[in-house]
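Enquirer: Sequence first, then the predicted structure, then my questions.
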Amino acid sequence: MLITLILLGGLILTIGILHFVMGSELRVENNIEIKKPVQFVFDFVRFTKNQDLFSVWNMTDPNMKKTYEGTDGEKGFIYKWDSTNKNVGAGEQKTIAITNGKSVHFELTFIRPMESKAKGSFTVNAKDAETTLVTWTFEGTSKFPMTVLKPLFKSMLGKSMNQSLQNLKALLEK
């Protein structure tokens, strides 16, 4: 019994230390070069509904319920989704800032499977007249005990973002 209590205490202490060492901030950023002019790429990524054509999350459940408020491609546009698929869940994405030819920033509110808030953005930069660097950023926080799983979550999120960017490249370079 004493050994079990010592092991349990050690496990709890280890998890607590990992939580403080790793911190609660989560940032994932991926980018890709697309052989199209910067304004062409920006004019595509600024529209939230276009994410249906390249985002692995949007493509996971073709039967998810989607609702929209406002004008897509403009500040204040809200996209809401609701899916019974646990990998998609429910939430909303609100466009909070747009700088023409440069960036689109949004707030994400996840309702299911876990409640959380995050921010994201697409930024485009011209590498040359015919090549654009697209950077997709996700920033949020994780709560204890999920902070301990942050490296795994970061890896999974990064992989999905990378696949989505590959989809975007293939779509726009057709």
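Expert: Nice, I can see it. Please read all numbers here as calculations on a predicted model, not as lab measurements.
Enquirer: What strand or helix carries Val104?
Expert: Using DSSP states H and E, Val104 falls within strand 103-112.
Enquirer: quick one: average pLDDT of that strand?
Expert: Here strand 103-112 scores 95 as its mean pLDDT.
Enquirer: same question, stretch 128-147
Expert: Rounded mean pLDDT across stretch 128-147 is 85.
Enquirer: For that stretch, what is the distance to the chain centroid?
Expert: 7 Å (C-alpha atoms, centre = their mean, to the nearest Å).
Enquirer: ditto for stretch 36-49
Expert: Counting by C-alpha atoms, centre = their mean, stretch 36-49 comes out at 17 Å from the chain centroid.
Enquirer: in this protein, which spans are helices?
Expert: Under the criterion DSSP state H, helices of the chain are mapped to 2-22, 38-45, 56-60, 150-172.
Enquirer: And the last one, what does it pack against?
Expert: Other helices and strands packing on helix 150-172, by 3 or more C-beta pairs under 8 Å, 6 or more residues apart in numbering; DSSP states H and E, are strand 25-34, helix 38-45, helix 56-60, strand 131-141. To be clear about C-beta, it is placed using only N, CA and C from the backbone, and glycine gets the same treatment.
Enquirer: As JSON lines, those with distance to Thr84 would be great.
Expert: Shown next, in JSON lines, are these (distance: least, C-beta to C-beta, whole Å):
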{"stretch": "strand 25-34", "distance to Thr84": "26"}
{"stretch": "helix 38-45", "distance to Thr84": "28"}
{"stretch": "helix 56-60", "distance to Thr84": "11"}
{"stretch": "strand 131-141", "distance to Thr84": "24"}
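Enquirer: Select the longest strand from this structure.
Expert: strand 116-128 (DSSP state E).
Enquirer: Let's check: the centremost residue of this structure is which one?
Expert: Phe138 (4.8 Å; C-alpha atoms, centre = their mean).
Enquirer: you'd agree that one is up against Lys154?
Expert: No - in this structure, Phe138 is not within contact of Lys154 by C-beta atoms under 8 Å, at 9.4 Å.
Enquirer: Need the residues touching each of those two.
Expert: Taking C-beta atoms under 8 Å, 6 or more residues apart in numbering as the contact rule, Phe138 and Lys154 both touch 26, 28.
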